[in-house]
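Colleague: For reference, the sequence and a predicted model appear below.
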Amino acid sequence: MESAKVCARDSHQPDSPSAIRVLSGQRVPWGSDQHTRDHVKPLVDGFGATEKARLKLLLDLTRQPISGVELRDFLRAAVMSIRRLMSSDGGCVFLETPEGEELETYAVEFSTGVPSLREGTAIPIEGTVVGRVFRTGTIWTGTREQALALSPGSDRTHLADGSKVSCIVPIPRRGRIMGTLGLVRNENNPYDDGELDFLMQLSKQLALAVENIRLYEENCQLRNRMAEESVYVEDEIPREGGFEDIVGTSEVLRRALKNVEIVASTDSTVLICGETGTGKELIARAIHNLSSRCQKAFVKLNCAAIPTGLLESELFGHERGAFTGAVTQRIGRFEVANQGTIFLDEVGEIPLELQTKLLRVLQEREFERLGSTRTIRTDARLIAATNRDLSEMAQDQKFRSDLFYRLNVFPVRIPALRERVQDIPLLVRHFVQYFAKRMNRVIETIPSETMSALMRYSWPGNIRELQNLIERAVILTSGPVLRVPLDDLQNRTAPDSAKSDFLTIAETERALILDTLKKMKWVIAGPHGAAERLGMNRSTLQFRMKKLGIAKPWKE
């Protein structure tokens, strides 16, 4: 059997002999006007049809635009042109995988038949003739039997059926081998030295084009990522301390902040529990600022504010054409928050069908975009927040119990404003200073009776309700004394002592519902529930509770 021919052409040399002949010993940039006018065109005019076709292909590869070109599409078209020019029956291109352990098939093109090798498949480097060329950087040419002998016991799908002879050349770039280019013929017509020299020139042009296309794709991905972050990412500049925006000195607040300091230094999932308007987002931001991820992105998403059909796309992203209206690729919040923190507010509003995918992200740290099968890994730390009782929702099968347990690794309860009454004066002064400065007002004093009325109010909307009231008060105040519209408080205890012995209908109803809920141990439905005891439907009771600001207290 005729031995295989291994050509000792070093792929790391800057130019092969044929390249020097073509360039007449002078080096000018490929594809430049000077190169075409001074060197290539006179040579083309003096060459035969074969040489002209070869030079034309080199020029085409050199001038190939890279913007908007998919790498596989480019290589597929290039292999087709090379195969036809070299009178070959098939060709393929292998490129090294990111892990560096295999070679991935990027282009397969045959004139007849359906090859067993498919684009996207990978072959091992060790024990294959293609891997040998990749490792050594030298050309290999020989028969199919010789190629089989060099691939004992390995995957042989890369060896075309029915071929007689083949050649494999390395694709060199910047002192290393990127992959290989292979051609086969179904007739016993070996590749000569001139053809191999020309294939080495082609492989260098392929390497340059592959590198440029990849750089362009990376730049596009970076620009898209920066654009996504400009939409999603909040202020990432670290500040002094983690609690500068949290006002209060009450004991119950101190206990909550102590838990925040304990968990911030870890990467554990945190579930922030508390009523609406208690400042759960500020707590999440404080955890991020106190963690080792403070220099990375802090990405937030209110799960209740996104339509159910779009929530999965917001969380995990989608590919172009994944659904109607998906005209471009979109990066999801988990991908943007990689190595940073993602904050999911109102996590109890996530639909059941999406909770499974969220659980997988928490457990496996991986997901797929909508319309894609490629698995993406993420190292985002999750902080979730809710004003609902997830354990009760899990019992009612409205929330996955396994997801609840995964979120409830370290719960942090934020106290309601009525539980930290001593912090109300500090909060009032803080909001007055903030809004007065923003509106160019000068407010010097707050009447003591006004402060007493604010401290006696139950604040069902918590700090958010107090903030909105103070903003309205600053707008209405024209002098140095703050004038608070106390009539806007629905369930207030009026400062007028003559009215202190009377309760409004709303106050009476609230007290009755609270007393009944406590006696029924906060069981709402069923024969032993508060709704049955009060003689109303469960939905009616839940509506009244929401309107009156009644929520089940969370345990410490």
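Modeller: Structure's in. What do you need? From a predicted model like this one, the values you see are computed outputs, not experimental measurements.

Colleague: alpha carbons only for contacts and neighbour counts from here, please
Modeller: Noted.

Colleague: Find out how far stretch 325-335 is from the centre of the chain, if you would.
Modeller: 9 Å (Cα atoms, centre = their mean, to the nearest Å).

Colleague: Mind listing what's buried along that stretch?
Modeller: 329-335 (16 or more other Cα atoms under 10 Å).

Colleague: okay, among these, which ones form the most distant pair?
Modeller: Across the buried residues of stretch 325-335, the longest distance by Cα to Cα is 14.9 Å; it joins 329 and 334.

Colleague: With the flanking residues excluded, which residue is spatially nearest to residue 489?
Modeller: residue 457 (7.8 Å; Cα to Cα, 6 or more residues apart in numbering).

Colleague: Can you give me the neighbour number for the one you found?
Modeller: 18 (other Cα atoms under 10 Å).

Colleague: for the one helix or strand residue 202 maps to, packing partners?
Modeller: Applying DSSP states H and E as the criterion places residue 202 in helix 193-232. With contacts taken as 3 or more Cα pairs under 8 Å, 6 or more residues apart in numbering; DSSP states H and E, helix 193-232 sits against helix 17-23, helix 49-62, helix 71-85, strand 165-173, helix 333-336.

Colleague: I'd like the distance between the residue nearest in space to the middle of the chain and residue 478.
Modeller: The residue lying closest to the centre of the chain (Cα atoms, centre = their mean) is residue 335, at 1.1 Å. When distance is defined by Cα to Cα, to the nearest Å, residue 335 is 49 Å away from residue 478.

Colleague: now residue 307
Modeller: Taking Cα to Cα, one finds residue 307 at 42 Å from residue 478.

Colleague: and if you look at residue 353?
Modeller: 54 Å.

Colleague: Between those two, point out the one with more neighbours.
Modeller: The residue with more neighbours, out of residue 353 and residue 478, is residue 478; 13 against 10, by other Cα under 10 Å.

Colleague: Is the more buried one in a helix, a strand, or coil?
Modeller: Put simply, residue 478 is coil when judged by DSSP: H, G, I helix; E, B strand; the rest coil.

Colleague: who touches it in this structure?
Modeller: By Cα atoms under 8 Å, 6 or more residues apart in numbering, the contact list for residue 478 reads residue 441.

Colleague: Repeat that for the one 4 residues further on.
Modeller: Listed by Cα under 8 Å, 6+ apart, the contact set of residue 482 reads 443-447, 473-474.

Colleague: again, only this time at 7 Å
Modeller: 443, 445-446, 473-474 (Cα atoms under 7 Å, 6 or more residues apart in numbering).

Colleague: Over to residue 474?
Modeller: 432, 435-436, 482.

Colleague: before we move on, back to that, and the helices and strands packed on helix 193-232, which one is worst for confidence?
Modeller: In terms of average pLDDT, helix 17-23 trails the rest of the helices and strands packed on helix 193-232, at a mean of 31.

Colleague: Which parts of the stretch 1-150 of the chain are helices?
Modeller: 17-23, 33-35, 41-46, 49-62, 71-85, 129-136, 144-149 (DSSP state H, counting those that start in this stretch).

Colleague: Make JSON lines from those helices and add distance to residue 168 and mean neighbour count to it.
Modeller: Below are the helices of the stretch 1-150 of the chain laid out as JSON lines (distance: least, Cα to Cα, whole Å; neighbours: other Cα atoms under 10 Å):
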{"stretch": "helix 17-23", "distance to residue 168": "18", "mean neighbour count": "14"}
{"stretch": "helix 33-35", "distance to residue 168": "29", "mean neighbour count": "13"}
{"stretch": "helix 41-46", "distance to residue 168": "27", "mean neighbour count": "14"}
{"stretch": "helix 49-62", "distance to residue 168": "18", "mean neighbour count": "16"}
{"stretch": "helix 71-85", "distance to residue 168": "13", "mean neighbour count": "18"}
{"stretch": "helix 129-136", "distance to residue 168": "7", "mean neighbour count": "21"}
{"stretch": "helix 144-149", "distance to residue 168": "10", "mean neighbour count": "17"}
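
Colleague: In a markdown table: those, plus distance to residue 192.
Modeller: Converted to a markdown table, the helices of the stretch 1-150 of the chain look like this (distance: least, Cα to Cα, whole Å):
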| stretch | distance to residue 192 |
| --- | --- |
| helix 17-23 | 13 |
| helix 33-35 | 28 |
| helix 41-46 | 22 |
| helix 49-62 | 14 |
| helix 71-85 | 14 |
| helix 129-136 | 18 |
| helix 144-149 | 17 |
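
Colleague: closest to residue 179 out of these?
Modeller: The nearest among the helices of the stretch 1-150 of the chain, by Cα to Cα, is helix 129-136 at 6.1 Å.

Colleague: and the angle for that closest one with strand 165-173?
Modeller: 30 degrees (axes from the mean of the first three to the mean of the last three Cα atoms, to 10 degrees).

Colleague: next one: helix 129-136 to chain centre, how far?
Modeller: Counting by Cα atoms, centre = their mean, helix 129-136 comes out at 36 Å from the chain centroid.

Colleague: What lies in contact with that helix?
Modeller: 125, 139-140, 147, 150-151, 168-170, 177, 179-180.

Colleague: sorry, back to before: go through the helices and strands packed on helix 193-232 and name the closest to residue 374.
Modeller: Here helix 333-336 is closest among those (Cα to Cα), at 13.1 Å.

Colleague: Now stretch 404-414: buried residues?
Modeller: Of the residues in stretch 404-414, those buried (16+ other Cα under 10 Å) are 404, 406-408, 410-414.

Colleague: Name only those of the contacts of residue 482 that count as buried.
Modeller: Buried among the contacts of residue 482 by 16+ other Cα under 10 Å: 443, 446, 473-474.
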